[in-house]
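S.K.: got a sequence here, can you model it:
(2 chains)
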Amino acid sequence: MQPASAVHDYFAVFGLPRKLAIDTSALERSFYKLSRKLHPDLYARASAGEQQWSLDQTSLLNDAYRTLRNPVSRTEYLLKLEGKPVASEEQAPQGDKPKDSRAPADMLEEVFELNMQLEEMRMNRKMGEDDPSLRGDLEKARTQFEGQLADLDEELKTHWQQWDAAVDAGATERTEQVKDKMFALLDRRRYIRNLVRDVNDALGA
Amino acid sequence: MAQQEERIVGIDLGTTNSLVAYMQGDQPVVIPGEDGSPLVPSVVAIPEKRQSIVGNPAHKYLVQSPERVVYSAKRLMGRGVEDVQGELKLFPFHIAPDLAPGEVIRLQIGDEQFTPPEISALVLRQLKRNAERYFGAPLTKAVITVPAYFNDAQRQATKDAGRMAGLEVLRLVNEPTAAALAYGLDRNKEGIVAVYDLGGGTFDISILKLHEGIFEVIATNGDTHLGGDDIDNLLIAVALDDIQGETGVDLRYNGAAVQAVRKAVIDAKIALSSAETARISLDLPGVEPYHREITREQFNQLIQPILARTVEPCLTAMKDAGIRPEQMDELVLVGGSTRIPAVWDLTSQVFGLAARGKKPHRDLNPDEVVALGAAVQAKILEGGSKAIEDMLLLDVTPLSLGIEALGGVVAKIIQRNSTIPASATEHFTTGVDGQTNVAIHVLQGERELAKDCRSLARFDLKGIPPMSAGLPRIEVKFLIDANGILQVKAREQRSGQEAQIEVKPTYGLTDEQVESMILESFDHAEDDFRERQLIEARNEAENLIAHVEKAPTHPAWQQLTEDERNQIIALADKLRVVIPGDDRAAIRTATEALDKATGRFAELMMDAAVSTALRGKTMESAGENLGDGPEAPHPFAPAEINEK
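M.R.: Predicted coordinates for the structure are as follows:
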C-alpha cells in the first residue's frame, strides 16, 4: 500500500511556508480560528453543496493540524512533500516490524543481545516464571532507549533550524543534506521506538 | 412573513431512559411527556400485532407478558447475535430463530420480528410526539446523542432509528461531550475537564480542553457494554441464587418472577445511594416470601469488579491525551449510575481529586444533562443565538480505522482520537491481469489483527477498466464525518473513472431495509395520522410561501420573465387562501403548483450558490481568492502564526 499522495499541502492550509520550526500554540490559535469558519456545525442549514464543501475543508484542516502539531509527523510529512518519504511511525501495520537487517550499524551488537534477552523473557512469561535480574536488565535497556529517543528529538530540532535557514537562503544543496539527515534520524527513531515497544510487550507492561 | 424556522430538538436516546430537550431562550429545558415526567423509559411493549406502548405504561407488561416487552435495546444496536449471546439469556424477549451470524439482530415478538433500530424508533417517535404536543407544531429534525465509544455500525443504527421515526438526524453527538456543553454553558470554563459517564448500559470517559467557547475533545475511551444493567444483572443472579438456597425454588426460567426480582434489586440499588442499608423484598404467588437486608458495604463489594472495569479506559484516555491526573481541572459525573457513592470514591482516586481538595461535579441532574447538552448542540446547528454563538464542539473518533492488509494484519489509516471530520486517502491496485474489481475490508479497533477488530464493511470496488496487473491506480478516500460515520469514495486514476462501490455493512441495514421499516404505517390511530398529515402539509406550504416572499430580494428574481414572476405571485396568493382550511389535498395541490412555478427560480438561485461555493473549492484556491470581494466566502483569513 502506498502512502497518500500530497494533493494538498498542509502547510498552505495554515498559510505557512514549508518550514519546520512551528510555534504550536500559534498553530492551535489558527486551528481554532479556521474551525470557527469551516466546521460543518455552521453549515447545518446550508445547501448540500455547501455542506459537502464544509466537510471536505474541515477534514483537510483537521488532518493538517493533526499532522503539523506533532514534531515527528510534521517532519515525516515535509519529507514526503519533498520527495523523500520515510515510512510513517503510526501507519505501518504493527505486524510488519522492521527486519533486523535494518538495524543501524552502530546498534547491531546491542540489538543482537537485546533480542536474546527478549526471547528469554517471552519464554519465561510463557512458563509463568519471572527472572528479576533479566527483568531489571530489560527495564534498564528501556530507560536507555527512551533517553536516546529524547536525544533524537532534541537533535531533530537542530535539523529543523538548519532546514529553515537553508530554505530562507534558497540553498538547494544544503536542503538536500538536511533532508538526508532528517531521513536517517527518523529511520533510527522509528527503529528505537519499535525496540521500546518490543521490550514493553515482553515485560507485559 | 417572519416565518420561524423549524425547531431542532436534542434527544438523549438512553439504554434505560430517553429524553427530549430544546433551547428556551438561552437555557436548555427538558420537555415533559403526558404524565408530566421528562423521562421516557426506553421500554417498548408490543402487546398485540402492530400495536406499541412506550415508556412507563409499558412497564406493567413486563410482569404480564414479559416476552412481548423490549428494554435496553440500545445494547443490541449495531451488533451481531454473537456479540450479545451472554446477555440475551437475561432478557425476557426472544431473538428470531432463523438468525444467522453476522446478521442484524431480529427480535421475535408474537409472529412479528423487530430489529433494535425499530424498537429505538418507537421510543424516538414517543419523544417526537411529546415534543409536538408541547410545541403544538410538527417536529422533523433532531440531534441525537450516542455513547462516545459507539462504533460506526452502532452510530449508523441510531441514525437509521431516527429516520424510521420520521426524524432527520442532523447530528449525532457524543454523550459525554453533550454533557460538557451543558456543563460549560454559562460557566465560561477554561481548562481541562474530564467527563465520566456511567449510564444504564454504556460507559464513556472523555477528556476535553475548554477554551473561549471551543470544546475540544482530546481523548475518549469507554466500553459500550458496561453500565447499570450489568450491576442489575449481577444483583439478579445473586438474588436468584439466594432464593434458591433459601426456598429450594429455581426461578431462573420463570420470566415474570425474574422481572419481579429485577424490580426488587433495582429498588434496593437506588435506595443504597442514599441509605446505608436496603431491603430486597419479594412476595410472589406460590413462592415463600423472600426478604434480604443488604448493606451499602456488601453492595460496594459486589459491584467492585464492575466499577473497576471503568479504570483502565480512564487511564488510557489520560495517556492518549497526554494529561496527568493532577492536570485535570474538573471532573464531571454523568449518567444515572454515578449516583452510586462508590463511584465518587473511585473517580476521586483515579483522578487524584481528594489530594487536591477537589470533588467531582454532580450538580447537574445526571439523568438530564446529556439531553440538555444535545439541545445546546441543536441550537448551535440552528444558529442565530447570541448566548451560544461562540460555542463550537470539536469531537474525535473513538476508534482507529484500518484496512485489512496481507496476512490479516490491520493497517491503521485514521488513528483513534483524531479530530473529526478526518480523512485518509489510500491507493490500491490489481494483482491479476484484467482484474476488474478489488475488495477492501474496513475495520475499527486497536488490535493488530483483523480478526480481533470490528469489521465495519467490505467494499467491493467494481468497474475497474481491464489492465495489466498493478497498472490501475485506484484512489480511495475514507472520510469520517462529524457524526463519526464513515463515507467512502473511490476513483480509478488512470482512466479517471469513478469506481462503483458496493458496501456490505457488517451489522447494518441497507437503505431499502430502513425505508421499509419507516414507522408511518405502524399502529395507529387513523385520526391522529390525518391530523399530522394536515399539519405537515400546512407546514410545507408555509415554508414555501416564506421562501417566495423572500424571493424578490434575491438577484435571481430579476432574471425571471415578468410572466414567470406574475405567475408565482398569483399561485402564492391561491395557496394562502387554502392553508387555513382542513382540506389537505387542496393544500397539497396548491403547494405543488407553486413549487413547480418556482422551479426555474430555484435553479437560478442554486447556480449562484454553487458558483459562490466553488470559488472556495480547494484550500489553495481559497487562499488565492482571499480578498476577492465581500461576497467571496472567506474560508481562510490569513493565518496569524508568529514563528519564534
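S.K.: break chain B down into its structural domains.
M.R.: Listed domain ranges for chain B are B:228-306, B:401-516, B:525-644 (source: automatic domain parsing).
S.K.: ignore the last one, chain A
M.R.: Listed domain ranges for chain A are A:10-69, A:103-203 (source: automatic domain parsing).
S.K.: for B:Asp390, which of these is the nearest?
M.R.: domain A:10-69 (8.2 Å; Cβ to Cβ). Every C-beta, even on glycine, is put in place using the N, C-alpha and C of the backbone.
S.K.: coming back round to it: pick the most deeply packed of the domains of chain B.
M.R.: Each of those was scored by mean neighbour count; the highest is domain B:401-516, a mean of 18, by mean count of other Cβ atoms under 10 Å in any protein chain shown.
S.K.: chain A contacts on the stretch 101-250 of chain B?
M.R.: B:170-171, B:211-212, B:214, B:216 (Cβ under 8 Å from any Cβ of the partner chain).
S.K.: let me know the closest of those residues to A:Met123.
M.R.: Out of these, the one with the shortest distance to A:Met123 is B:Glu216. That distance is 45.6 Å, counting by Cβ to Cβ.
S.K.: that closest one against B:Met391, yeah?
M.R.: No: between B:Glu216 and B:Met391 there is no contact, the gap being 11.8 Å when judged by Cβ atoms under 8 Å.
S.K.: can you put the domains of chain A in a markdown table and add distance to B:Arg252, mean neighbour count and mean pLDDT?
M.R.: As requested, the domains of chain A are exported to a markdown table (distance: least, Cβ to Cβ, whole Å; neighbours: other Cβ atoms under 10 Å in any protein chain shown; pLDDT from 0 to 100):
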| stretch | distance to B:Arg252 | mean neighbour count | mean pLDDT |
| --- | --- | --- | --- |
| domain A:10-69 | 49 | 19 | 93 |
| domain A:103-203 | 37 | 15 | 86 |
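S.K.: for the closest residue to B:Gly227 other than its chain neighbours, what are its contacts?
M.R.: Excluding its sequence neighbours, the residue lying closest to B:Gly227 (Cβ to Cβ, 6 or more residues apart in numbering or on different chains) is B:Gly201, at 4.3 Å. Counting by Cβ atoms under 8 Å, 6 or more residues apart in numbering or on different chains, B:Gly201 touches B:15-16, B:72, B:74-75, B:224-229.
S.K.: which of the residues you listed are buried?
M.R.: Burial of the contacts of B:Gly201 was assessed by neighbour count (16 or more other Cβ atoms under 10 Å in any protein chain shown); the buried members are B:15-16, B:72, B:74-75, B:224-229.
S.K.: okay, and which of the residues you listed map to helices?
M.R.: When these are checked against helices (DSSP state H), the matches are B:228-229.
S.K.: of the buried ones among the contacts of B:Gly201, closest to B:Val311?
M.R.: Taking these together and measuring to B:Val311 by Cβ to Cβ, the closest member is B:Leu226, at 11.4 Å.
S.K.: wasn't B:Val476 part of a helix?
M.R.: No: judged by DSSP: H, G, I helix; E, B strand; the rest coil, B:Val476 forms no part of a helix; its state is strand.
S.K.: so it versus B:Ala490, what's the distance?
M.R.: Going from B:Val476 to B:Ala490 by Cβ to Cβ, to the nearest Å gives 5 Å.
S.K.: spit out the residues that contact those two alike.
M.R.: With Cβ under 8 Å, 6+ apart applied, the overlap between the contact sets of B:Val476 and B:Ala490 consists of B:459, B:461.
S.K.: gap between B:Leu282 and chain A?
M.R.: Noted for B:Leu282: a distance of 46 Å to chain A, by Cβ to the nearest Cβ, to the nearest Å.
S.K.: got the phi/psi numbers for the closest residue to that residue other than its chain neighbours?
M.R.: Using Cβ to Cβ, 6+ apart and skipping residues adjacent in sequence, the residue nearest B:Leu282 is B:Tyr290, 4.3 Å away. As for B:Tyr290, its main-chain torsions (degrees, to the nearest 10) stand at phi -120, psi 130.
S.K.: I'd assumed B:Ile243 was in contact with B:Tyr290.
M.R.: Yes: assessed by Cβ under 8 Å, B:Tyr290 is found in contact with B:Ile243 at 5.3 Å.
S.K.: what touches both of these two?
M.R.: Shared contacts of B:Tyr290 and B:Ile243, defined by Cβ under 8 Å, 6+ apart, are found at B:Leu282.
S.K.: which ones among the buried ones among the contacts of B:Gly201 map onto strands?
M.R.: Judged by DSSP state E, strands contain none of the buried ones among the contacts of B:Gly201.
S.K.: now the buried ones among the contacts of B:Gly201 in a markdown table, with pLDDT?
M.R.: As requested, the buried ones among the contacts of B:Gly201 are arranged in a markdown table below (pLDDT from 0 to 100):
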| residue | pLDDT |
| --- | --- |
| B:Thr15 | 91 |
| B:Thr16 | 91 |
| B:Ser72 | 90 |
| B:Lys74 | 93 |
| B:Arg75 | 90 |
| B:Thr224 | 84 |
| B:His225 | 86 |
| B:Leu226 | 91 |
| B:Gly227 | 91 |
| B:Gly228 | 91 |
| B:Asp229 | 89 |
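S.K.: list just the nearest of the buried ones among the contacts of B:Gly201 to A:Pro132.
M.R.: Of all the buried ones among the contacts of B:Gly201, the one sitting nearest A:Pro132 is B:Leu226; the distance, using Cβ to Cβ, is 35.8 Å.
S.K.: quick check: beta-bridge partners of the nearest residue to that closest one once chain neighbours are set aside?
M.R.: Counting by Cβ to Cβ, 6+ apart, B:Leu226 lies nearest to B:Phe203, which is 4.2 Å off, once chain neighbours are set aside. Beta-bridge partners of B:Phe203, counted by DSSP bridges, are B:Leu198, B:Asp223.
S.K.: correct me if wrong: B:Phe203 contacts B:Asn221.
M.R.: No: with contact taken as Cβ under 8 Å, B:Phe203 and B:Asn221 are classed as non-touching, separated by 9.1 Å.
S.K.: neighbour count winner among the two?
M.R.: Under the criterion of other Cβ atoms under 10 Å in any protein chain shown, the comparison of B:Phe203 against B:Asn221 puts B:Phe203 first, with 29 against 26.
S.K.: for residue 140, grab phi and psi.
M.R.: Picked chain A for this. A:Lys140 adopts backbone torsions of phi -70, psi -40, taken as degrees, to the nearest 10.
S.K.: not quite, go with chain B.
M.R.: Phi and psi for B:Thr140, reported as degrees, to the nearest 10, are phi -130, psi 0.
S.K.: what is the burial count for the residue nearest to it when sequence neighbours are not counted?
M.R.: Counting by Cβ to Cβ, 6+ apart, B:Glu168 is the residue found nearest to B:Thr140 once chain neighbours are left out, at 5.7 Å. B:Glu168 is flanked by 11 other residues according to other Cβ under 10 Å.
S.K.: ok, back up a step: put together a markdown table for the residues of the stretch 101-250 of chain B next to chain A, with neighbour count and distance to B:Ile270 on each row.
M.R.: Converted to a markdown table, those look like this (neighbours: other Cβ atoms under 10 Å in any protein chain shown; distance: Cβ to Cβ, whole Å):
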| residue | neighbour count | distance to B:Ile270 |
| --- | --- | --- |
| B:Leu170 | 22 | 35 |
| B:Arg171 | 25 | 33 |
| B:His211 | 14 | 38 |
| B:Glu212 | 12 | 40 |
| B:Ile214 | 19 | 37 |
| B:Glu216 | 20 | 36 |
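S.K.: cheers, nothing more for now.
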